[in-house]
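Enquirer: Let me see the structure of the following:
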Amino acid sequence: MTTSTALLFADLTGVAVFAASGASAAVAKRLDLFGVIFVGFVAALGGGIFRDLVIDEVPPLAFADWRYAGTAAVTAGIVFWFHPQFARLRTTVLVLDAAGLGLFTITGTLKALDAQVPAVGACFIGMLTAIGGGLGRDLLTGEIPVVLRREIYAVAALLGSVTVVVLDHARLTGPAPLTAAVALVFGVRLVALRRRWSAPVATAQPRVGRRPPEGS
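Expert: Numbering: from 1, shown residues only. Below you'll find the model as predicted:
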């Protein structure tokens, strides 16, 4: 399998995983079939569309290659029709979401590097490719985006992007190193879920009331 074929397979796998995640969230909000497919499409392809627009690849791959939109729509439709079975697979969906996060992080970062984006920019593009669809999914379903809450999600994607940039600088971009980078993001995300790791959250200090004057 060539590197380009492997990247296409990874991309489409990530599309299917995030489409299932988006469709599941839409089903939980009792959207109709069109709404489920639309949210699945945004969840699966929103990050990739952002990536392509930033690196000036137009039209975005999501619109230029029917396999991307087709994979997202078919997956979302399957979730709509078989959602009772998917509802019992919450743990499986979380695992698949972590896998999709890793896949999209690595493919997004590699595309940015191929477009001659500097290292820092490539890291952020890779991270946003991975989390952009989830942002769209949560906003469309009326939820606070998961990346803005306490869970370790965007941090895991950023760590993966940095790893890919380091590997590229060391000229280690074969299937094995890149698979290791995917596994790193996947592992960090799963361990964070398992151990309930979270980023620090600011807490409001209670307002200290003034002491009443003595004798009152």
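Enquirer: Tell me the pLDDT of residue 212.
Expert: Among the per-residue scores, residue 212 holds a pLDDT of 57.
Enquirer: could you point out which element follows the worst-scoring helix or strand of the chain on mean pLDDT?
Expert: Within the chain, no helix or strand scores below helix 83-87, which has a mean of 71 by mean pLDDT, DSSP states H and E. Sequence order places helix 90-114 as the next helix or strand after helix 83-87, per DSSP states H and E.
Enquirer: What angle do helix 90-114 and the helix or strand following that following helix make with each other?
Expert: Remark: after helix 90-114, the chain's next helix or strand is helix 119-140, criterion DSSP H and E. Helix 119-140 and helix 90-114 are oriented at 140 degrees to each other (axes from the mean of the first three to the mean of the last three Cα atoms, to 10 degrees).
Enquirer: Would you mark the buried spots in the helix or strand immediately after helix 119-140 in the chain?
Expert: Moving toward the C-terminus from helix 119-140, the next helix or strand (DSSP H and E) is helix 154-169. For helix 154-169, burial by neighbour count (16 or more other Cβ atoms under 10 Å) applies to 154-165, 167-168. All C-beta spots, glycine's among them, are computed from the backbone N, C-alpha and C.
Enquirer: go on, stretch 145-156?
Expert: In stretch 145-156, counting by 16+ other Cβ under 10 Å, buried: 146-147, 151-156.
Enquirer: now stretch 73-92
Expert: By neighbour count on 16+ other Cβ under 10 Å, the buried set for stretch 73-92 is 73, 75-80, 83, 86.
Enquirer: Low-confidence ranges, this protein, go.
Expert: 1-4, 86-90, 150-151, 198-216 (pLDDT under 70).
Enquirer: ok, now with 80
Expert: In the predicted model, the chain carries pLDDT under 80 at residues 1-8, 10-11, 83-94, 96, 146-151, 173-175, 195-216.
Enquirer: quick one on the thing from earlier: kindly indicate which of the buried residues of stretch 73-92 lies nearest residue 17.
Expert: Distance to residue 17 across the buried residues of stretch 73-92 (Cβ to Cβ) is lowest for residue 75, with 8.3 Å.
Enquirer: so what's that closest one up against?
Expert: Taking Cβ atoms under 8 Å, 6 or more residues apart in numbering, we find residue 75 in contact with 15-16, 19-20, 23, 40, 44.
Enquirer: Determine which two of those residues are furthest apart.
Expert: Across the contacts of residue 75 (Cβ to Cβ), the longest gap, 12.0 Å, separates 15 and 23.
Enquirer: For these two, indicate the residue with more neighbours.
Expert: Per other Cβ atoms under 10 Å, whichever of residue 15 and residue 23 has more neighbours is residue 23, with 31 against 28.
Enquirer: does that one sit in a helix or strand, and which one?
Expert: helix 3-28.
Enquirer: Can you name the element that comes right after that helix?
Expert: helix 33-54.
Enquirer: What residues sit buried inside that next one?
Expert: 35-52, 54.
Enquirer: What's the end-to-end length of stretch 77-97?
Expert: Stretch 77-97 has an end-to-end distance of 18 Å (Cα to Cα, to the nearest Å).
Enquirer: Let me see the contact set for residue 146.
Expert: Contact analysis of residue 146 by Cβ under 8 Å, 6+ apart lists 134, 138, 153.
Enquirer: Provide a list of residues in contact with residue 70.
Expert: Applying Cβ under 8 Å, 6+ apart, no residues qualify as near residue 70.
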